[in-house]
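# predicted structure and sequence below. I'll ask about it afterward.
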Amino acid sequence: AVPARPPLPNSVRDGSAGAPKSDSIGASYHWWPIQVCEHEQKHAFTHTVGTCVRTLTMCVGKETYEGASAQLLRLEPDNFVAKEALWCYLVGGTFVICSGVVSGRCPREHSPEQGKNMRIAKLPVHMRPRRPLQFAALSREAYSVGGHMAYTTKLVTIVVTPDGVLAGISGSEATGAIDLSAVRFAIDGGISLVDQVSLHTCDVAGSRLVSLQGTLNDRFFSSHSGKALALLPESCRPPRELPFVTTGTGSGGFQLLMVRASHGMGVGGDLVWRDSVWLHDQIHVTGIMYQVADNAMPHSTLQSSWTEESLRVFVTHFQNFLVRKFGTIEDAWDQAFDTDKSGAVNFTEFGLGCKKAGYVGNATRLWAALDEDRSGEISMDELNFRHPPITHVRSGGRKLTLMDCRHHVEEAEGP
């Protein structure tokens, strides 16, 4: 029997744990409105205009992910000082989550000869990302006011490179204590969600963790603020609206994003923009990680096992629907799905295409059925594949995959 694991921390579960002590490095960050007048705020412990963000840190300890492999982070010399042990955890073989607090200065540029060293620590070889990633993190500095301790909180950027280096950057040369639990990402391929953003999932402790990482194309938020940046599968439905702060590309650029839950049509939620330092910027969504709602657990983003009849009927029904709506599968592809003419469709484009076509079925199950090669994208060939009649397939009673159907069609058609 698998040993029982303790529940995941509140900061992972819903981002809404009660307000911590004021001297805690994990204290919430209050985002004051910049591009907008005010934010909708549903947290009970918020008393002023703005948004209280609890997702920049996670309460990660050795007992949080029982069974995960843990290794000490190697602190880089001559700048940051560890305030506690620095750990990194490999959860489920694919998710990397760091923990621990360091104290030091995040410079504007890396110039060790001038005493400006960005390097914080280095990850083990098997816990390094495939490409550079950027995370928003909190830097808190204490000072005395009339014999009482007060704190200043600033946002800084942590860059993690493919060679495992964690580097701290700040346009204001911020000095303070930084919680490294802001660094969390996946090392598997994931599925293509939108633009250069990938979606990753990991089932752990009887629940599921979701991670987004990568970048969105440039946005002018005056025209994009009312639109969803990305759609989420129903298997990734958040428990409620969750605020996240992520980085931008411009100097000192940060974004306030919201992950929202929704129901119906196989879509479990969306990602929306709420505010930003700059009106025009490229968004790095890396660092968005949360635990799904309980009602999302029965669903799977990558369900690939079907009976002969259900696979044929399910996909063929969708193809016939597209033909009735657009005339041909090719026209449906051009008009509803591959609108940017990239030659491939990510999950957000697929969900929006189903909505544009007026399809009211389950978009997540369709995605799983069509993306047979698990590339994370759907091609025109996958959408337009012709399924054989059920009498032409000899499967011996076993469950049939889309790849099996292709094999039988190729045999029937010959060279």
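Here it is on my side, so go on. Just so it is clear, the structure is predicted and the values come from calculations on it, not from any experiment. Numbers count the residues shown, from 1 in each chain.
# how about D331, secondary structure?
helix (DSSP: H, G, I helix; E, B strand; the rest coil).
# go on, W367?
Quick answer, by three-state DSSP: W367 is helix.
# buried stuff in stretch 322-335?
The neighbour-count check on stretch 322-335 (16 or more other C-beta atoms under 10 Å) flags L322, F326, I329, A332, W333, Q335 as buried. Any C-beta I mention is one placed from the backbone N, CA and C, and that applies to glycine too.
# swap that for stretch 206-217, sorry
Applying a neighbour-count criterion of 16+ other C-beta under 10 Å, one finds S207, R208, L209, V210, S211, L212, Q213, G214, T215, L216 buried in stretch 206-217.
# show me the two of the buried residues of stretch 322-335 that sit farthest apart.
I329 and Q335 (11.0 Å; C-beta to C-beta).
# hang on, G92 packs against T201?
No. Here G92 does not reach T201: they are 9.2 Å apart, not a contact under C-beta atoms under 8 Å.
# who's more crowded, these two?
T201 (24 against 17; other C-beta atoms under 10 Å).
# enumerate every residue touching that one.
Residues near T201 by C-beta atoms under 8 Å, 6 or more residues apart in numbering: R208, L209, V210, S211, S235, C236, T301.
# what about those residues, which are in strands?
Residues of the contacts of T201 located in strands (DSSP state E): R208, L209, V210, S211.
# would you turn the buried residues of stretch 206-217 into CSV with distance to I191?
Shown next, in CSV, are the buried residues of stretch 206-217 (distance: C-beta to C-beta, whole Å):
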residue, distance to I191
S207, 19
R208, 14
L209, 15
V210, 11
S211, 12
L212, 11
Q213, 12
G214, 11
T215, 16
L216, 16
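# out of these, which is nearest to P107?
The shortest gap between P107 and any of the buried residues of stretch 206-217 belongs to T215, at 23.6 Å (C-beta to C-beta).
# helix, strand or coil for F318?
With three-state DSSP as the criterion, F318 reads helix.
# so it sits against A363, correct?
No. In this structure, F318 is not within contact of A363 by C-beta under 8 Å, at 9.8 Å.
# what residue ranges in the stretch 301-415 of the chain score low on pLDDT?
Residue ranges of the stretch 301-415 of the chain with pLDDT under 70: 301-311, 372-374, 386-415.
# need phi/psi at L322.
When read as degrees, to the nearest 10, the backbone of L322 gives phi -70, psi -40.
# A296 too?
The phi/psi pair for A296 (degrees, to the nearest 10) reads phi -90, psi -20.
# which residues touch the residue lying closest to it once chain neighbours are set aside?
In space, and not counting its chain neighbours, A296 is closest to R237: 4.0 Å by C-beta to C-beta, 6 or more residues apart in numbering. Contact analysis of R237 by C-beta under 8 Å, 6+ apart lists A261, S262, H263, G268, G269, V292, A293, N295, A296.
# try R131
Contacts for R131 (C-beta under 8 Å, 6+ apart) come out as P162.
# and it, how far from N346?
With distances taken as C-beta to C-beta, to the nearest Å, R131 is found 17 Å from N346.
# quick check, R312 in a helix?
Yes. Assessed with three-state DSSP, R312 lies in a helix.
# okay, now it: neighbour count?
R312, neighbours per other C-beta under 10 Å, totals 19.
# tell me how far it lies from Q319.
Distance, R312 to Q319, by C-beta to C-beta: 11 Å.
# could you do V360 as well?
Taking C-beta to C-beta, one finds V360 at 16 Å from Q319.
# ok, the two, which is more surrounded?
Remark: of V360 and Q319, Q319 carries more neighbours, 17 against 12, as counted by other C-beta under 10 Å.
# that one contacts I329, correct?
Yes. Using C-beta under 8 Å, Q319 is in contact with I329, at 6.2 Å.
# shared neighbours of the two, which are they?
With contacts defined as C-beta under 8 Å, 6+ apart, the residues shared by Q319 and I329 are L383, N384.
# wait, V183 touches S99, no?
No. Using C-beta under 8 Å, V183 makes no contact with S99, being 9.1 Å away.
# okay, those two: which has more neighbours?
Taking other C-beta under 10 Å, V183 and S99 do not tie; V183 has more neighbours (27 against 24).
# show me the contacts for the more buried one.
Residues in contact with V183, defined by C-beta under 8 Å, 6+ apart, are V96, I97, C98, F135, A137, I158, V160, L166, G287.
# what two of the residues you listed are the furthest from one another?
Greatest spatial distance among the contacts of V183 (C-beta to C-beta): V96 and A137, at 15.3 Å.
# who's more crowded, these two?
Shown here are V96 and A137; by other C-beta under 10 Å, A137 has more neighbours (27 against 22).
# for the more buried one, which non-adjacent residue is closest in space?
Nearest residue to A137 in three dimensions, chain neighbours excluded: A182, at 3.7 Å (C-beta to C-beta, 6+ apart).
# equivalent analysis for M127, please.
V96 (4.7 Å).
# got phi/psi on the one you found?
phi -110, psi 130.
# assess the claim that it and R184 are in contact.
Yes. In this structure, V96 is within contact of R184 by C-beta under 8 Å, at 6.8 Å.
# who does L90 form a beta bridge with?
Using DSSP bridges, the beta-bridge partners of L90 come out as S69, V96.
# check the contact lists of G92 and T201 and give me the overlap.
Common neighbours of G92 and T201, using C-beta under 8 Å, 6+ apart, are L209.
# what bridges to the residue nearest to the spatial centre of the chain?
Per C-alpha atoms, centre = their mean, the C-alpha nearest to the average position across the chain is that of L212, at 1.3 Å. Here L212 sits in beta bridges with L199, I288, going by DSSP bridges.
# all helices of the protein, in order?
Taking DSSP state H as the test, the helices found in the chain are 10-13, 221-224, 308-326, 329-332, 347-357, 363-370, 380-383, 402-413.
# I'd like to know how far A336 sits from Q255.
Here the distance between A336 and Q255 works out to 29 Å (C-beta to C-beta).
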